[in-house]
Structure formats: C-alpha cells, structure tokens
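[1] following is a predicted model, sequence given first.
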Amino acid sequence: MSLKDHGAKPWHLGIGQTSDSTGEFWTASELSLDHILAPLRLAIEFGRVTITIMSQTTVIETYRELHQSGCFVLPNPWDVGSAVYLQKTGFKALATTSAGFAFSRALPDSVTAIPVELMLNHVREIAAATSLPVNADFQNCYADLPEGVAVNVSRCIGTGVAGLSIEDATGDSKTPLYDDKLALERVQAARSAIDASGSGVVLTARCEAALVQYPDALRVAIDRLVAFAAAGADCLYAPGFYEPTEISAIVKAVAPKPVNVLARPGLTVSQLADLGVRRISVGSSLARVAWGAFMRSAQEIAQEGSFASFSAGAPHGELNELFSS
C-alpha cells in the first residue's frame, strides 16, 4: 500500500528514495511527515523522544571518537532487554546481530530469510532503547545492486544508528562473494548515501572470504579491505581470521583505518589491542550463550524430568530491579 492510498500530504525532503513494506519505491516528494516521524514513535513509547531527536549527531560523534584510539568491545544485543543490560554494564557502544535477531524470530541467519522491513524495525527498536551509539549489522544491505544499497543505507540511517556495516557476501552458496568490481561499487554507493545524508554515520566494510571459505581467503580479504578503505569505508572487518599473524597483517594493510575483529574463546581484549585492533565485536555469541542455557534446561526437563538447571537462572528480583530503574 502506498502513501497515496492513505491520503497522506506529501512533504518534500532531499533524502532520496525509500520503499514501503511491499517493496514499492517512492521518491522524496511522495514522503509524508507521518512517515518521516515514524521511527520516533517507538522512542516516544520509551520516553526518549528528546534523546532520539537531538542526539543522533552526538552518538555518531561519540562513536567516531571511539575509533580514534585504544581498543573497545562492541557487544551485540539481540533484543531490547539485552541492549539495556549491556548499557547498564558499562559498555560504550552496541551493535545489532543479524544472527541473534534471526534466531529470536525462528529464522536462519540468512539475508534471504530476513525482510529488510523486519530488520529496519529491529535496528530502530535497539537504537531507541539505549542512549549508546548503535551499529547496525546490516548484512549485504538487503540489495545486490549499488542503487538498492544506497536506498537501504539511507533508510538504515533513518533508524537512528551511529554506524552500519556492509558485507560482500551474496547469500548464494554458488557465488558466495560479489565480484571485485561490484563489491567495490556497493561500498561506494553506501559511502555516497551516508555523505548525502550529512549524518557522518560510521561505515564498516566487511569481507566475508573466511566465513564462506573462499580460496586464498586472507589475500582476498586484504585486497578487498584495502580497496574498501580507499572507497571511503571508515572501519574494516574480515570476520573469521583469528591467528595473530592474520590479524596483524590486516591491521597493517589498512592502517591507519581502524579494524574490527570478531571475538572467540582464546582471544583477549589486551591481546587484540596489542595487535593494533581498534574494535572487537562478539557477533551472535552472547545470543548463543543464552540459547545454550535455554536449550540445556529445556532438554533436561523433557528428557530427565529435572528442574535443577533453574538454580543457574538470573534472580527474578535482580531482573525486575534492572528494568524498573
């Protein structure tokens, strides 16, 4: 259903194109004030309308500053409750997790399984739930061609995020990565959309060569990250490389641009900081830790008739106090 079906009065803004839930595109001249303000409604429910309207610039500036020196952990909540807890724990910024969110919706972690509208609503919800900078795990931007990337990046900026990522993985096992030319054009399109918005949102460009087990993955990743950096990516990320020599090679190749590394057991913040890593994310790990506890407890009940695992649960009073304050 288009805006005209609602009889909405158009409001002109220089923000390019977007689309409704049917995938139908409209131009800026067809956007109504009601749709421009729609992302704020959730914020109003959270009592944060002032923060949401006035602070996107502030959180973007804060997020950019975090990338200038040192090393920080960027944990990945999968819902509002986990986002609020992570803020109260003292983290300085958050990132969504496509996998964690997908699993919470009984979906696989696949760009073909999550509609862009569903992901945008999720990102908007997380951004509204916290005053911290939020980075959107935006997969392949839910588009193959650069034009579609630009449209969806603009829409993602409108959710209130401080940063977003773009991947070079296609979601197709037969051709797991976009070819070099198209991958670069997609990053350039994302960069142009951010520049056109005037927002300064931090752009992270990812190479998924290791995750898709691409031949000669380290060389491919370094070549692509160097090209992505030259195309305007603010931060570079090649998940799946864990050896110190691999991480160090990536850091040196794209310097002085900051590098994000995906954490795993055996790595520590201090070790990664010593390698020159600026940002550490945890991907779906926190969500999977929660799933692991839930699955073990459910299986114990079903298979053994035991409730012993309940003793490891977070106290009700502690959670109640957390979300009452």
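    Cool, the structure landed. Residues are numbered from 1 along each chain as shown.
[2] for the rest of this, base every contact and every neighbour count on C-alpha atoms.
    OK.
[3] helix or strand: which one has residue 204?
    If you go by DSSP states H and E, residue 204 is part of strand 202-206.
[4] so what touches that strand?
    60, 63-64, 162-168, 187, 190-191, 225, 228-229, 233-239 (Cα atoms under 8 Å, 6 or more residues apart in numbering).
[5] these in helices, which ones?
    Among these, DSSP state H puts 60, 63, 64, 187, 190, 191, 225, 228, 229 in helices.
[6] just put those in CSV and tack on neighbour count.
    Shown next, in CSV, are these (neighbours: other Cα atoms under 10 Å):
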residue, neighbour count
60, 23
63, 22
64, 18
187, 28
190, 30
191, 24
225, 25
228, 25
229, 23
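[7] tell me which of those residues is nearest to residue 73?
    Closest to residue 73 out of the ones in helices among the contacts of strand 202-206 is residue 63 (12.0 Å), distances taken as Cα to Cα.
[8] okay, now the unreliable bits of the stretch 51-200 of the chain?
    Filtered on pLDDT under 70, the stretch 51-200 of the chain yields the residue ranges 51-54.
[9] where along it do the helices fall?
    Ranges of helices in the stretch 51-200 of the chain, per DSSP state H, counting those that start in this stretch, are 80-89, 98-104, 116-129, 146-157, 180-197.
[10] so for residue 247, which of those sits nearest?
    In terms of Cα to Cα, the element of the helices of the stretch 51-200 of the chain nearest to residue 247 is helix 180-197, at 21.8 Å.
[11] output the ones in helices among the contacts of strand 202-206 as JSON lines; include the columns distance to residue 267.
    Listed next are the ones in helices among the contacts of strand 202-206 as JSON lines, based on distance: Cα to Cα, whole Å:
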{"residue": "60", "distance to residue 267": "28"}
{"residue": "63", "distance to residue 267": "24"}
{"residue": "64", "distance to residue 267": "25"}
{"residue": "187", "distance to residue 267": "29"}
{"residue": "190", "distance to residue 267": "31"}
{"residue": "191", "distance to residue 267": "32"}
{"residue": "225", "distance to residue 267": "22"}
{"residue": "228", "distance to residue 267": "26"}
{"residue": "229", "distance to residue 267": "25"}
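[12] returning to that earlier point: and the helices of the stretch 51-200 of the chain as JSON lines, adding distance to residue 294?
    Putting the helices of the stretch 51-200 of the chain into JSON lines (distance: least, Cα to Cα, whole Å) gives the following:
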{"stretch": "helix 80-89", "distance to residue 294": "15"}
{"stretch": "helix 98-104", "distance to residue 294": "12"}
{"stretch": "helix 116-129", "distance to residue 294": "22"}
{"stretch": "helix 146-157", "distance to residue 294": "32"}
{"stretch": "helix 180-197", "distance to residue 294": "38"}
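[13] figure out which of those is closest to residue 252.
    If you check each of those against residue 252 by Cα to Cα, helix 180-197 wins as the nearest, at 20.3 Å.
[14] OK, contacts around the closest residue to residue 116 other than its chain neighbours?
    The shortest distance from residue 116 to any residue other than its chain neighbours is 6.1 Å, reached at residue 142 (Cα to Cα, 6 or more residues apart in numbering). By Cα under 8 Å, 6+ apart, residue 142 lies in contact with 111, 115, 116, 148, 149, 152.
[15] over to residue 115?
    residue 142 are the contacts of residue 115 under Cα under 8 Å, 6+ apart.
[16] phi, psi of it?
    Per-residue torsions, residue 115: phi -60, psi 150 (degrees, to the nearest 10).
[17] could you check how far it is from residue 121?
    10 Å (Cα to Cα, to the nearest Å).
[18] just the buried members of the contacts of residue 142?
    111, 116, 148, 149, 152 (16 or more other Cα atoms under 10 Å).
[19] now flag whichever of these is closest to residue 300.
    Using Cα to Cα, the buried ones among the contacts of residue 142 come closest to residue 300 at residue 111, 33.1 Å.
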